[in-house]
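1. Need coordinates for the below:
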Amino acid sequence: MKVKCIRLENSFNEETNYSPWLEIGKSYFVVSIFINENGEKSFGIIPTERPIDFNTLSSHSSKCFDILSTSTPSSWKPWIVSNSSIGISPKSWQEQDFMDRLL
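-> Predicted structure coming up:
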């Protein structure tokens, strides 16, 4: 899946003029999708810049993007959190220690 950034938001979902993670007008590959218990969708992406020694994926509201392509890899599998939230991402990323290994 590919998206284009059209808006920047801070961690409180308030519009802002700057983000170290995203750049308006830039296209990104979505590496995961998450829908919380309120139906709010967010996309996991690899950020534009990463603060020094902070290797991570970043999660952003779907409201910040226009969708350019909806195709997703066959390796993506759905998962459920607490029977109220769902997501889809590569199966290997769903392993419990994935984020620890990423850092």
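2. residue ranges with poor pLDDT in the chain?
-> Residue ranges of the chain with pLDDT under 70: 48-56, 99-103.
3. hmm, what's the outermost residue in it?
-> Residue farthest from the centre of the chain, counting by Cα atoms, centre = their mean, is Asn83 at 20.4 Å.
4. what about that residue, which helix or strand?
-> Here Asn83 sits in a region with no helix or strand, counting by DSSP states H and E.
5. how far away is it from Gly39?
-> Going from Asn83 to Gly39 by Cβ to Cβ, to the nearest Å gives 15 Å. From N, CA and C alone the C-beta is placed, and that goes for glycine too.
6. Quick check: buried residues in stretch 73-93?
-> By neighbour count on 16 or more other Cβ atoms under 10 Å, the buried set for stretch 73-93 is 76, 87-89, 93.
7. Do me a favour and get the end-to-end distance for that stretch?
-> One end of stretch 73-93 sits 13 Å from the other (Cα to Cα, to the nearest Å).
8. Contacts for that stretch, please.
-> With contact meaning Cβ atoms under 8 Å, 6 or more residues apart in numbering, stretch 73-93 is reached by 31-37, 44, 72, 94, 98.
9. list the contacts for Val3?
-> Val3 touches 27-28, 30, 43, 45, 65-68, counting by Cβ under 8 Å, 6+ apart.
10. Also Asp97?
-> Not one residue lies near Asp97 by Cβ under 8 Å, 6+ apart.
11. Quick check: it vs Ile88, distance?
-> Asp97 is 20 Å from Ile88, by Cβ to Cβ.
12. With secondary structure as extra columns, can I get the buried residues of stretch 73-93 in JSON lines?
-> JSON lines is the format used below for the buried residues of stretch 73-93 (DSSP: H, G, I helix; E, B strand; the rest coil):
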{"residue": "Trp76", "secondary structure": "strand"}
{"residue": "Gly87", "secondary structure": "strand"}
{"residue": "Ile88", "secondary structure": "strand"}
{"residue": "Ser89", "secondary structure": "strand"}
{"residue": "Trp93", "secondary structure": "helix"}
